[in-house]
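1. fold the following.
(2 chains)
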There are 2 protein chains.
Amino acid sequence: LSPVMFSGEAKCFLKYVFFSSGCRYVSKAAAKAQMEFDYDGPSMKTAVPGPRSQELTKQLGDIQNVGAVNFFCNYEESRGNYLVDVDGNRMLDIYTQISSIPIGYNHPALLKLMTNPNNLSTFVNRPALGILPPENFPDKIAESLLSVAPSGMTRVQTMACGSCSNENAYKAMFIWYRNKERGYKTPSDEDHSTCMINQAPGCPDLSILSFMGAFHGRTMGCLATTHSKVIHKLDVPSFDWPIAPFPKLQYPLEEFTRENALEEARCLEEVEDLIVKWRQKGKPVAGIVIEPIQAEGGDNHASPDFFRRLRDIARKHGCAFHVDEVQTGGGGTGKFWAHEHWGMDDPADIVSFSKKLLTGGYYHKDELQADKICTATVFLILFCFHTFQPYRIFNTWMGDPSKNLFLSEVLNVIRRENLLEEVTRSGKALLNGLYELQAQYPGILSRARGQGTFCAIDICDGATRDTILVKARDKGVLLGGCGDRSIRFRPALVFKEYHVHLLLNIFNDVLANHK
Amino acid sequence: LSPVMFSGEAKCFLKYVFFSSGCRYVSKAAAKAQMEFDYDGPSMKTAVPGPRSQELTKQLGDIQNVGAVNFFCNYEESRGNYLVDVDGNRMLDIYTQISSIPIGYNHPALLKLMTNPNNLSTFVNRPALGILPPENFPDKIAESLLSVAPSGMTRVQTMACGSCSNENAYKAMFIWYRNKERGYKTPSDEDHSTCMINQAPGCPDLSILSFMGAFHGRTMGCLATTHSKVIHKLDVPSFDWPIAPFPKLQYPLEEFTRENALEEARCLEEVEDLIVKWRQKGKPVAGIVIEPIQAEGGDNHASPDFFRRLRDIARKHGCAFHVDEVQTGGGGTGKFWAHEHWGMDDPADIVSFSKKLLTGGYYHKDELQADKICTATVFLILFCFHTFQPYRIFNTWMGDPSKNLFLSEVLNVIRRENLLEEVTRSGKALLNGLYELQAQYPGILSRARGQGTFCAIDICDGATRDTILVKARDKGVLLGGCGDRSIRFRPALVFKEYHVHLLLNIFNDVLANHK
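-> I've put the predicted structure just below:
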């Protein structure tokens, strides 16, 4: 246990000033951790969206699609775990901008960073990082992204968002695979001429193997590996790439070890079959991409053993292994990377990230560097090819150094406040609470599951799930859905046991009233 | 002529403190405009990259591909038109981070914005704009992007970068086209089930028609429409989409009217042929995408008449017409959008942007809104489809409001300082200077061309071009290449006649010494 966890600890009783009714889930006192920038609890003034939000939604509707807008926010007044809306409602935020706010709103450390005059220029002059990086760029990358690099990875490429990170990771895998196929020889004249008109062999018929239920983004390369919802994919042309079944496990995992192992074996067998089949079709699998926990697809877990064996299959068939940590990365599972739970020395060839990392990008093994392949070639064939090796993974901005500044500070806070240990502790309390609620409301809840605070629970059906989300919001808790009928919990890393009990009490109230 | 243009005007003679040799291109005095945040001229202390840049490149090389790194920059010391490097070299920047710095480095208006405490929260709390926008978002969009909306467009979707802007614009065109094909009826069960496994009809075999020499980005959808360089495309799977020839015009345009008209007619005929051919192949063209000036591909121009007729062809064949203004947009051509030079009331269905706009995104006609199609349908078939209309064009961040803040201020500066008029004036001086240099060095230079300061000139061959770029840099002028052997000029909007003459003098020195 960390000594910091108890600093400022004070026993206090939750104030339920805003509850109209409902039984209490906990009667025990909750330890309130020191967070001077947090509020005491939710405070609701109107239904959500309130009148001001509705007015602004109408206004924005003249400019943009507002079908997905929940409400408008007052980010100035938001603090820590609490999101404040434009009607003065203060909600405990367990969704955190689709899991992208690492240490809560308006964290003092980030505000302080903004007032440092030395940082101004980084915000005002956005460089083309690939050609004209700022002086402090290597140091900033070292103290931010490299300081949390996954095992075995010393190289990282920044990008501006999750989709661009995955798109470029796929390109790196294709380039790597084709170089292997060519025997690291210079591309032929035919490669050159055909690629300019989108034809093979220059634009080869390679594929990426993905999993049903996966979400890897919505740009066209990513979208060909995304299979979570119709709305993402309908009407957009795609690639004929193999899609393997993701294990459908029974929860709690420890109670269904045998059944789950069989299910995982079935899926892995299918993966190998698909790799062989697509090779025979002339569309070899250059890479396998997978999330450590399928998030958008419904918070679907698999065992460390599954991932270990999948990694072995990738190696056996000469496919790169890409772990997409865009949603799972950054500490929510109690480790900085969810794949660290697998306990492997050599877990992946590529690890992509975004969201809580604030910048996008991907780590990669040395051999996955687009211009590194040359070193494996003999000298005489090098010259011609070497001249165009840079610029293969490239775009104008290649990320944004102002986001790296924030990330450095976020990592400082995570270390200083031992937030990964806090997450582990809060996560246990949350999952235990969900188990208890599930036992209490077996007609509504099932399949409570999670790692760290990256938790989820299933509701009896999609319509009930949506109703419960709205009711929870009206009581001051902001949650998100995933899959067909799951609720996902995605708090910031500053979500303490105190907040867990607050959440569980309100969730319990909603469920009790729903009965 | 604007009254502002003459404010602070002072006749002064250029100081050539750093020239070792070379004849002068101009002997006339140059009007120096008022720019208190600019330097007087270049100042070179070392060769570029200097020792500190080389040291940092080595350091960064352990982490990333540094094949494309020119040198490292001191952005704190950079001002206006001048980029300062880590070795203390100060260069007149005519490349501006691949054309993405609108009003020069460290503009006082942008620095001031950073010190306003009301803006802090926008930087520190990046929202998921599609679901939880900040209160000021509609106003900020109205005063920034909408205030410069292209003719006929009142709707805009923000995105984080140019590639994501084009990817999502393509998706909007595909969705629009499929809705037309379906007769605005609810998608079928087969549409739903097939799209989840990347198959038609859910993922239809539609195409986007692009042009040889085009550059629209490097993510996989964009990349299928990019045809400027092998390095962008080699080894990446692509789509079988039609690629039309872009007119190869002779310059100066006014001297080759007849020849160029024939060439443009040839290309337009090919466009129609391809549309018919791809329809027959079962891969109908949903949209046509084109740059007003092909930039990466070599600064290739076409006449307003060409674009007008292309727009008519798109309309005739039921294809959306997408004008990609990622590099041309934002004022460099003397109008805010390059396509405004075509003088049309209804120039496009979609206009995408990024770079100088600081945020990415695209404007679109009402009917290209992914969820808007329903309004054209009859009531009874609406319900089911309408429920999933939002989230079709969506991602976590959907842009970045902190970039909108900067954009608002950039637009204020452009208006206050009449920068579009300045660009037109500087552009004339630049193009006239290039014409004169071309007459002076016919063995080296040809095909001077441009609109506003968005100018280019061809060098006799690629190797000479690269040598000249390095020599110019060593004399304190930072230029970029494009195409096989062109030099492109991409100054910021604060590039005045004074800077034009400075540039032309140095360029002349380089050419004189090269002879």
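2. any idea how far residue A:61 is from chain B?
-> 9 Å (C-beta to the nearest C-beta, to the nearest Å). To be clear about C-beta, it is placed using only N, CA and C from the backbone, and glycine gets the same treatment.
3. sorry, slip of the keys, the one I care about is residue A:338.
-> 17 Å.
4. and residue A:118, how many neighbours?
-> 9 (other C-beta atoms under 10 Å in any protein chain shown).
5. can you check residue A:501 too?
-> Residue A:501 has 23 nearby residues by other C-beta under 10 Å.
6. find the nearest non-adjacent residue to residue A:357, please.
-> residue A:330 (5.4 Å; C-beta to C-beta, 6 or more residues apart in numbering or on different chains).
7. my guess is the one you found meets residue A:351, correct?
-> No. Contact between residue A:330 and residue A:351 fails when scored by C-beta atoms under 8 Å: they sit 11.8 Å apart.
8. show me the contacts for the residue nearest to residue A:357.
-> A:102, A:336, A:353, A:355, A:356, A:357, A:493 (C-beta atoms under 8 Å, 6 or more residues apart in numbering or on different chains).
9. out of the residues you listed, who's nearest chain B?
-> The nearest member of these to chain B, counting by C-beta to the nearest C-beta, is residue A:355 at 6.3 Å.
10. tell me, how many residues neighbour that closest one?
-> What residue A:355 shows, counting by other C-beta under 10 Å, is a neighbour count of 28.
11. for the residue nearest to residue A:357, helix, strand, or coil?
-> coil (DSSP: H, G, I helix; E, B strand; the rest coil).
12. in strands, which of the contacts of residue A:330 appear?
-> residue A:353 (DSSP state E).
13. farthest-separated two in the contacts of residue A:330?
-> Maximum pairwise distance among the contacts of residue A:330 (C-beta to C-beta): 14.9 Å, between A:353 and A:493.
14. more neighbours: the two, which one.
-> For residue A:353 versus residue A:493, the count of surrounding residues by other C-beta under 10 Å is larger for residue A:353: 29 against 26.
15. hey, what's the more buried one bridged with?
-> Beta-bridge partners recorded for residue A:353 (DSSP bridges): residue A:361.
16. how long is stretch A:351-360 end to end?
-> 11 Å (C-alpha to C-alpha, to the nearest Å).
17. any buried residues in that stretch, and which?
-> Neighbour counts over stretch A:351-360 (16 or more other C-beta atoms under 10 Å in any protein chain shown) mark A:351, A:352, A:353, A:354, A:355, A:356, A:357, A:358, A:359, A:360 as buried.
18. closest to residue A:242 out of those residues?
-> residue A:352 (19.8 Å).
19. helix or strand for the closest residue to residue A:74 other than its chain neighbours, which one?
-> Counting by C-beta to C-beta, 6+ apart, residue A:84 is the residue found nearest to residue A:74 once chain neighbours are left out, at 4.6 Å. In the assignment (DSSP states H and E), residue A:84 maps to strand A:82-84.
20. tell me what the following helix or strand past that strand is packed against?
-> Using DSSP H and E, the next helix or strand after strand A:82-84 towards the C-terminus is strand A:90-93. On a contact count with 3 or more C-beta pairs under 8 Å, 6 or more residues apart in numbering or on different chains; DSSP states H and E, strand A:90-93 meets strand A:82-84, strand A:477-478, helix A:497-514.
21. show me what the helix or strand that the second one is followed by is in contact with.
-> Same thing as strand A:477-478. With elements assigned by DSSP H and E, the helix or strand that comes after strand A:477-478 is strand A:480-482. Strand A:480-482 is contacted from outside by A:94-95, A:98, A:295-299, A:456, A:465-466, A:469, A:487-488, A:490, using C-beta under 8 Å, 6+ apart.
22. and strand A:480-482, which strands flank it?
-> For strand A:480-482, pairing defined by DSSP bridges yields strand A:486-489 (antiparallel).
23. excluding sequence neighbours, find me the nearest residue to the residue most central in space within chain A.
-> The centre of chain A sits closest to residue A:327, judged by C-alpha atoms, centre = their mean, with a distance of 0.5 Å. With C-beta to C-beta, 6+ apart as the criterion, residue A:327 has its nearest non-adjacent residue at 4.2 Å, and that residue is residue A:295.
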